[in-house]
Structures are given as structure tokens and as C-alpha cells.
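Q: I'll drop the sequence and a predicted model, then ask my questions.
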Amino acid sequence: MQSNRRAIPLICMVITLFGCSLGAGGVPDMPDGTASPAPPPRADDVMVLPRQVRPNILVILTDDLDLKLGTLDYMPHLQELMTAQGLTIEDFLISTPVCCPARSSILRGQYTHNHQVYTNAAPLGGFEKAYALQIESSTLATWLQAAGYRTALFGKYLNGYPFRDNRSYIPPGWREWYSPARGSPYKEFNYYLNENGTLVGFGLGQKDYLTDVLSQSVDDFLRRSASIPAPFFIYLSTYAPHEPAVPAPRHAGLFPDLKAPRTPAFNEEDVADKPERIRNDPMLDHTAIENLDELYRQRVRSMQAVDEMIARLLATLDEIGQIDNTFIIFTSDNGYHLGQHRMMTGKGTAYEEDIRVPFIIRGPGIASDQSLRGYLTGNIDIAPTIADLAGIIPPGYVDGRSLVPLWAADLPAQADWRQGYLIEYYGSEAETTSFDIQISTSGLADQLDEPLDPAALSQSSPDAAFLAVRTSRYVYVEHGSGEIEFYDLDQDPFELNNLVPSADPLLLSRFSAWLKELASCSGQSCRGAEQTGLRNR
């Protein structure tokens with residue numbers, strides 16, 4: 001790792017009709033917002049296709065938001081302005097259901113075994129690992145800057161950001177940058193934002209609530225954008241509803257009787273067919289369940305400010321005349337479980353609660369109030385989808401595929417779409433966690449660990465805690481312990497009955513062979529392995 005912590009500049013390689021707008025640390029835009037000239041592309045760089053008009057793009061990424069536990073039911077603005085006005089993709093999966101690997105996949109369009117940010121913290125993962133691998137030199141942000149976009153990040157970046165000795169660091173590709181650089185952003189108060197290289201402190205006042213601060217910052221950016229001809233890309237990443245799930249003071253008393261959903265998997269009585277670590281868990285007692293209920297209330301409360309933010313930003317887009325030229329995506333970095341299969345709270349499993357997240361998109365050409373089922377999609381598809389919308393051919397290392405065909409008039413046949421999606425987990429973090437909903441106000445607790453020796457970041461790939469392949473009907477899981485899980489989601493959507501003892505051994509063998517191929521794929525070979533499925537195995 002370079003000791004001066006400077007950004008590694010990316011030279012924008014595009015066709016000669018277009019240029020790049022690098023922002024901080026790179027080549028500036030022209031005064032009128034158009035892009036500066038750039039050399040032609042190399043074979044391994046993005047290619048920007050000629051277009052008269054490029055759409056604006058707004059991504060709203062939440063943190064640990066569930067799909068299966070009903071939090072979206074308490075977000076009326078989301079339902080009215082996104083769900084009812086766009087497309088909901090029901091089978092949207094997270095390849096590694098934990099924050100930093102998932103976010104790296106979103107920015108790079110790669111499975112975790114290819115971008116190699118395996119966990120949330122160094123040496124296997126985190127921001128330091130991403131920096132050491134130089135993956136920031138080619139991300140969705142740098143691609144869009146190459147196409148002349150004004151790129152802006154608001155909120156959470158990668159776990160462990162920034163460096164202790166350079167808290168004003170801004171990664172390549174971002175023209176504007178507003179990300180917590182010190183303090184307690186997970187608690188929504190007492191933090192510093194890196195605002196385009198300047199640290200700005202926020203305290204305990206109601207106006208300092210982080211979700212609201214981000215909402216105001218994005219609103220300001222949108223209003224400034226009204227007079228600039230260049231399109232914009234906004235990556236808005238909230239900390240809600242991540243633990244401790246602190247709501248805005250105005251929402252703190254809402255939903256006093258709300259309880260965590262008692263799904264059939266909640267506090268599962270018979271876990272004899274589950275891996276040993278779950279078999280050894282006792283049933284959840286009354287106190288544990290009360291704690292789960294309180295956290296669920298806090299999570300729903302914390303999302304109310306996000307819901308208000310959605311209403312505010314879409315109203316601003318309408319006011320500045322850009323709502324009809326903007327694609328808006330709402331999703332999460334991973335799902336969440338609350339008491340399923342006796343597990344308390346957390347993510348990092350292959351169960352549906354952790355790997356399935358909301359994905360809603362509205363924008364030009366997308367019909368209102370549509371829901372799509374049976375098409376496997378996931379976070380590795382976000383980058384190539386946005387690239388496609390922006391008129392960009394992404395680098396060859398990308399594993400994912402564009403989702404644009406899924407809202408075209410001629411929908412591809414399911415047989416011609418992805419047949420399986422890889423789930424991989426390398427976490428050394430606990431897969432279930434306890435929580436503390438109390439807000440500490442005693443000073444500025446730092447979210448960062450001490451930096452490690454750079455040599456520790458260059459170790460070989462770790463063994464996976466588990467690998468899984470998810471199809472439209474089945475999920476097949478191989479644990480590092482040698483244990484196997486296999487569920488028929490059509491017949492058993494809550495994954496109560498592990499079919500391994502009764503399944504055809506040949507079928508399990510075919511799934512295992514397919515999984516091994518997926519776990520070592522890259523680029524086009526991933527798309528090929530996903531498409532082939534169980535055929536010829």
C-alpha cells in the first residue's frame with residue numbers, strides 16, 4: 001500500500017467523441033459541465049457509446065434492509081412513488097450477504113471471489129483491502145465519469161473508510177463526496193462528514209440526524225444540477241436500518257406495539273436438520289424475543305426518515321424538470337434475519353432472509369406498477385445495468401449482466417436467462433449478533449480499527465465459510481464444515497426441511513459440480529456457468 005494514501009488516478013479511456021469528468025484528483029469538467037477530451041479506449045477499459053442524451057441515475061442503497069420481514073409495508077412514500085410507479089424485481093439476491101463485500105460487488109459488478117474484498121475488515125476485506133487491490137481505480141463511478149457524468153456519493157462507502165492518517169481521502173471517480181470520516185454514523189449523531197475534502201462536524205441536535213443531513217445534501221446537489229447540462233449519477237447510501245437502528249427523534253415513539261414477524265421459521269422448534277452451529281442454539285427465551293421486537297420497532301422507525309427522503313428527492317426531481325429523465329433504484333446491500341431458525345439478529349447466511357433484498361426501479365420506458373418473478377438477478381448486475389443505461393460497455397472483468405432486457409417489450413424467455421446465482425461467504429465475523437439500542441453520547445467513538453501492516457493484506461484467498469447456488473426453485477449450500485443444506489423453495493419457502501437425507505444423490509452431485517464451477521468463474525465464464533445450470537453435469 002502506498003504510504004501517501006493518495007488516490008490512484010484512472011485514465012478515462014473512451015471513444016474520441018466523448019471525454020471524462022474526473023472531479024477531485026482527476027481531470028476537471030469544462031466550465032459548462034461538458035466533458036474534457038480523452039484518449040481512445042484500451043481493450044480492458046470501458047467504452048462509451050455515442051448518445052445524444054444520457055439519463056440521470058439515482059441509486060438509494062439502504063443498509064441491512066430486510067425484504068422478508070415486512071419493513072417496506074411501513075414505507076408509504078416508497079410504495080406510492082417507487083413501487084406503484086416502476087418495476088419490482090422479486091428475485092433479487094446478494095452474492096455475499098454482508099456489507100463491504102456486497103458493496104464492492106455493487107461498485108464493480110463482480111462476485112466476491114473476483115474482487116477479493118471478502119469481509120468487512122482487514123486483512124481479508126474492508127476499505128483497506130479494496131484500496132490495496134486498487135479496485136477503486138475502476139468502478140461504476142469511474143466508468144460514469146468517463147461518459148461525462150457528474151458523480152456524487154452521499155453516505156456510507158466501504159466499511160473501514162477512511163484512513164486514520166488521511167480522513168479527507170476521496171476515491172477516484174467521484175466529483176462530489178459526502179461520507180462519514182469519523183465518529184458514530186451508525187448512531188446517526190456525533191460524526192464528521194468528509195465534504196469534498198473538508199471535515200465537517202455534526203453533533204446531537206435534531207438537525208444533525210444523519211439521514212436528514214444526507215437528504216438535504218442530495219437535495220442541494222439536485223438543485224445545483226438544474227442549470228448544468230451534464231447528466232448526474234448519485235449514489236445515496238444510508239446507514240438505516242443498520243443496528244443500533246436509531247430513528248429520527250420525531251419518529252422515536254411510532255409503532256409502540258409492533259413486533260418482529262413470527263414467520264414459520266421464527267424460533268424454529270426442530271433444528272435437527274440444520275448445521276451444528278444452529279443445532280447447538282437453544283430456543284429463544286422471552287427476554288430474547290422482547291429484544292427482537294424492540295429492535296424490529298427501531299428498524300421500522302429508522303426507515304421513516306428514509307421514506308420521507310424518497311418523497312423529498314422525487315419532489316425535487318419533479319420541480320427541476322428531471323423526474324422523467326432519471327432512473328431511480330432502491331435496494332439494500334444485504335438482508336437481515338430476526339429470530340429465524342433460532343438465530344438472534346444478523347446476516348451472513350444463505351437463508352432467504354439474508355440473501356433476498358428489495359429491488360425497485362422507475363425511470364424512462366419502465367411501466368408503472370409492475371412485478372417480475374422467476375428471473376434471478378442480484379447485486380453483481382447493478383453496475384452493468386447502470387452502464388447499459390448510460391451507454392457504456394463495461395470492462396471485461398464484470399461478472400454480472402444488464403437487467404435492461406427485463407423491462408423491454410420483448411421479455412427474454414426464462415430458459416434464456418440466468419439459471420443460478422452464486423452465494424459465497426468468507427466471514428470471520430459472528431454470523432449472529434447481539435445488539436444494544438442505547439445511544440451513547442459520551443464523545444466520538446471511532447468506527448475504524450487501527451491500520452494493519454500492508455503485507456497482511458496480500459495473503460492468499462481464504463476458505464469459504466459456505467458456498468451456495470440459488471436457483472428459482474432450490475438453494476444448495478455447502479458449508480466449510482462439510483455440512484450440506486438443500487431446500488425446495490416452492491414447497492418449503494421458509495427452509496424448514498433440509499432435503500439432503502432424502503434427495504437423489506446424483507442431483508446433489510450435479511449441484512456440487514455446478515457450485516464448484518461458479519465459485520471459480522470470472523467474467524464471461526460466470527455468465528456461461530449461470531446459464532448452463534445443471535445441464536450436462
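A: Looks like it came in fine. Numbering: from 1, shown residues only.
Q: just the helices in the stretch 51-200 of the chain please.
A: Ranges of helices in the stretch 51-200 of the chain, per DSSP state H, counting those that start in this stretch, are 76-81, 99-108, 112-115, 126-132, 140-146.
Q: deepest-packed of those, please.
A: helix 140-146 (a mean of 29; mean count of other C-beta atoms under 10 Å). No exception for glycine: its C-beta is placed from N, CA and C like everyone else's.
Q: what helices or strands is that helix leaning on?
A: For helix 140-146, the elements it packs on are strand 19-20, helix 99-108, strand 150-155, strand 232-237, helix 382-390, strand 392-393, judged by 3 or more C-beta pairs under 8 Å, 6 or more residues apart in numbering; DSSP states H and E.
Q: quick check: which helices or strands does the third one pack against?
A: Judged by 3+ C-beta pairs under 8 Å, 6+ apart, the packing partners of strand 150-155 are helix 140-146, strand 176-183, helix 210-225, strand 232-237.
Q: using JSON lines, lay out the helices of the stretch 51-200 of the chain together with distance to residue 265 and mean pLDDT.
A: Output for the helices of the stretch 51-200 of the chain, formatted as JSON lines (distance: least, C-beta to C-beta, whole Å; pLDDT from 0 to 100):
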{"stretch": "helix 76-81", "distance to residue 265": "25", "mean pLDDT": "98"}
{"stretch": "helix 99-108", "distance to residue 265": "22", "mean pLDDT": "98"}
{"stretch": "helix 112-115", "distance to residue 265": "26", "mean pLDDT": "97"}
{"stretch": "helix 126-132", "distance to residue 265": "31", "mean pLDDT": "95"}
{"stretch": "helix 140-146", "distance to residue 265": "35", "mean pLDDT": "97"}
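Q: same list (the ones you listed) but as TSV, adding distance to residue 490.
A: Shown next, in TSV, are the helices of the stretch 51-200 of the chain (distance: least, C-beta to C-beta, whole Å):
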stretch	distance to residue 490
helix 76-81	27
helix 99-108	26
helix 112-115	28
helix 126-132	38
helix 140-146	35
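Q: of those, which is nearest residue 407?
A: Residue 407 lies closest, by C-beta to C-beta, to one member of these: helix 76-81, at 17.5 Å.
Q: so what touches the closest one?
A: 72, 307, 308, 310, 311, 314, 330, 360, 362 (C-beta atoms under 8 Å, 6 or more residues apart in numbering).
Q: now swap in stretch 363-372 and tell me
A: By C-beta under 8 Å, 6+ apart, stretch 363-372 touches 55, 83-90, 324-328, 362, 389, 406-407.
Q: buried among these? Make that a ChimeraX selection.
A: Burial among those is assessed by 16 or more other C-beta atoms under 10 Å; the matching ChimeraX selection reads:
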select :55,83,85,86,87,88,89,326,327,328,362,389,406,407
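Q: make CSV out of the helices and strands packed on helix 140-146 and add distance to residue 289.
A: CSV is the format used below for the helices and strands packed on helix 140-146 (distance: least, C-beta to C-beta, whole Å):
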stretch, distance to residue 289
strand 19-20, 54
helix 99-108, 26
strand 150-155, 32
strand 232-237, 31
helix 382-390, 35
strand 392-393, 49
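Q: and those, which one averages the lowest pLDDT?
A: Within the helices and strands packed on helix 140-146, confidence is poorest for strand 19-20, with a mean of 34 (mean pLDDT).
Q: show me where the stretch 201-350 of the chain has its helices.
A: 210-225, 276-279, 286-319.
Q: so for residue 537, which of these sits nearest?
A: By C-beta to C-beta (comparing all of the helices of the stretch 201-350 of the chain), the closest turns out to be helix 276-279, at 28.8 Å.
Q: so what does the closest one touch, helix or strand wise?
A: With contacts defined as 3+ C-beta pairs under 8 Å, 6+ apart, helix 276-279 has no helix or strand neighbours.
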